[in-house]
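Asker: Structure for this input, please:
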Amino acid sequence: MSKKTFTLEEVHQLLPELQKKIEQLIRKKEAYTRMHDHLLIHELLSESEKNRGLEPEQDAVDDHAHELESAVDEIRQEADEIRKLGCLIDDLDQGWVDFPGHRDGKSVYYSWKCGQTRIEFYYCAAETPKRRQPI
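Answerer: Alright, predicted model coming up:
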């Protein structure tokens, strides 16, 4: 199966929908991170209680662990939906998404950051490390 490539016009048409999807995915990842941190703290407190001979609340830890697993599944599904559009999530924390394309006869990636209304950068697919260049 060949990889989808985009023209700048195709990318620009996709951006409004993608903006919403990436914003939602970022929010879910932030919620996951908070949930993960909460669970970690709870586990540390439970371990401390065990060390002092107290009986920790295991049900709460189990409930939070199941919530965390569900959150991971949701994030994975939403990231897969974005990938099915043909684009690549480069850096979710920063909101960078790349689109395979062609420019001046070379394979490139058009690089978009969540919040931008247009593609402003690209980089050559063969370059390592990638250096984003203005369009």
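Asker: Report all helices and strands that the longest helix along the chain contacts.
Answerer: The residue-count maximum for a helix in the chain (DSSP state H) belongs to helix 8-51. In terms of contacts (3 or more CB pairs under 8 Å, 6 or more residues apart in numbering; DSSP states H and E), helix 8-51 is packed against helix 58-84, strand 96-103, strand 106-113. The C-beta positions use only the backbone N, C-alpha and C, and glycine is treated the same way.
Asker: I'd like the ones you listed as JSON lines, with distance to residue 40 appended.
Answerer: JSON lines is the format used below for the helices and strands packed on helix 8-51 (distance: least, CB to CB, whole Å):
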{"stretch": "helix 58-84", "distance to residue 40": "10"}
{"stretch": "strand 96-103", "distance to residue 40": "27"}
{"stretch": "strand 106-113", "distance to residue 40": "30"}
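Asker: Could you provide these in TSV, with additional columns for mean pLDDT and distance to residue 21?
Answerer: Below are the helices and strands packed on helix 8-51 laid out as TSV (pLDDT from 0 to 100; distance: least, CB to CB, whole Å):
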stretch	mean pLDDT	distance to residue 21
helix 58-84	85	6
strand 96-103	96	9
strand 106-113	96	12
